[in-house]
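Novice: Provide a 3D model corresponding to the input given below.
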Amino acid sequence: MDYCNLCPRGCKVNRNLGQKGVCGETNEIRVARASLHMWEEPPISGESGSGTVFFSGCPLHCVFCQNHNIADGTNGQVVTTDELCSVFLHLQEKGAKNINLVTATHFVPEIRGALIKAKREGLSIPVVYNTSSYECVDTIKYLNGLVDIYLPDLKYVSSELSKKYSNASDYFEVAKKAIEEMYRQVGPSNEEPKLIVRHLVLPGCVEDSKDVLKYLYDTYGDKIYISIMSQYTPLVGVLEEEEKKKKDNFSDLKRKLTNEEYDEVVDFACDLGITKAFVQESEAAKESFIPDFENWNLKEFLNS
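Specialist: The predicted model follows:
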C-alpha cells in the first residue's frame, strides 16, 4: 500500500518508504508489550489471562489516553511478521485465553499475515480485536474470518466532545459504521460474547454517556454486551502537556469520576433495559492498572 488509508484520518503517506502517518508509525510493526493480562472483562481475561499484544502508535490520540507513552510512539520494539506469529503462538503456550490485539489499526495488513501464518502453525485460541472504533469499514472487512471477538470502544456521541478530546468531530459517525461491520461479521452474542462495546464514563460527561448507551440499546437491544467502565484515571501531567500543545482547557478531566456520576449512568442503563452489561468498582481507577511499556523485550518474552 503506497498511500495509507487504513484509518479515517486518510493521511495517505507512503509508510512503505518510512514515512509516518498520523498514527506515528511506518509500516514496520512495533509492539510495546505482549503479556497475559488479567484486567479485561471476565469473559476476555478468564482465569489464565488474555494474551494482549499492545501495538505502538495510534490514529486517534485522545488527550486522556492511559497508554499515551505507546500511542505517541515513545515505546515499542520493531518485530517482523514471523516474530509476531511467534508471539501469538507463545502466548497460547503460556495459557492465554485468547490473542488480544490492542490498537492494531495501522498494522492490520501485517497482522493479518501473521495471524494466517499462526493459524497454519497451530494457533487455535480466539482472536480479539481491541479498538477505539475510529476505523475504516474496509479495514475491519480485511479481518473478516480472522477475528472471533470484537472489543470496540464507543467513546462519544457528541461531536463537540470528540473534537475537544480526540480531535475527531466525526468520531461517532465513523465508529457506529465500524461497529455495524463488526456485528455483521460475528453476529449476536448469546452466552459467549462476540461483540463487547466498551464505554468509559468521563468526569463531567454523564449526559453523553447516556446518549451512547441509548444509541447502543436502540440499535442492538440485548444482542451485544456493553461494558460500562469507571476506570478513568486522570494523568494530570499528560493533560497539562496537551493543554499547552492544543491551547485548550481540560480541567474537567483532571479529577476522577465520582461514584455518583458512575451510578447515574449505570442506573440509566438498567432503566433502558440493558441486561448484558459489565460494570466496574471504583477501585479500577488506579495508575497501577496501567501496564509497564518500558521494560518489555521480545527475546526475553519468547524465552520466558
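Novice: look up how far Thr275 lies from Lys194.
Specialist: Plainly put, Lys194 is 16 Å away from Thr275 if you go by CB to CB, to the nearest Å. In this view, the C-beta of every residue, glycine as well, is placed from N, C-alpha and C.
Novice: all strands of the stretch 151-300 of the chain, in order?
Specialist: 196-200, 225-229, 277-279 (DSSP state E, counting those that start in this stretch).
Novice: now the second one: mean pLDDT?
Specialist: The one in question is strand 225-229. Across strand 225-229, pLDDT averages out at 97.
Novice: okay, now the unreliable bits of the protein?
Specialist: 1, 282-293 (pLDDT under 70).
Novice: try it again with 90
Specialist: Applying pLDDT under 90 to the chain flags residues 1-3, 39, 66-75, 190-192, 281-296, 298-299, 301, 304.
Novice: report the central residue of it.
Specialist: Against the mean C-alpha coordinate of the chain, by CA atoms, centre = their mean, the closest residue is Thr131 at 3.0 Å.
Novice: next, Asn130: phi, psi?
Specialist: When read as degrees, to the nearest 10, the backbone of Asn130 gives phi -110, psi 110.
Novice: after the longest strand seen in the chain, which helix or strand is next?
Specialist: If you go by DSSP state E, the chain has its longest strand at strand 30-37. Per DSSP states H and E, the first helix or strand lying C-terminal to strand 30-37 is helix 42-45.
Novice: ok, residues contacting the helix or strand that that next one is followed by?
Specialist: Using DSSP H and E, the next helix or strand after helix 42-45 towards the C-terminus is strand 50-55. Identification of contacts with strand 50-55 by CB atoms under 8 Å, 6 or more residues apart in numbering yields 29-38, 40, 44, 67, 70, 76, 84, 87-88, 91-92, 94, 96-104, 106-107, 125, 128, 130, 291, 293.
Novice: just the buried ones out of these, please.
Specialist: 29-37, 40, 44, 67, 70, 76, 84, 87-88, 91-92, 96-104, 106-107, 125, 128, 130, 291, 293 (16 or more other CB atoms under 10 Å).
Novice: which stretch among the strands of the stretch 151-300 of the chain comes nearest Ser251?
Specialist: Ranking those by proximity to Ser251 (CB to CB) places strand 196-200 first, at 18.4 Å.
Novice: what's the angle from the closest one to strand 225-229?
Specialist: Angle of strand 196-200 versus strand 225-229, following axes from the mean of the first three to the mean of the last three CA atoms, to 10 degrees, is 20 degrees.
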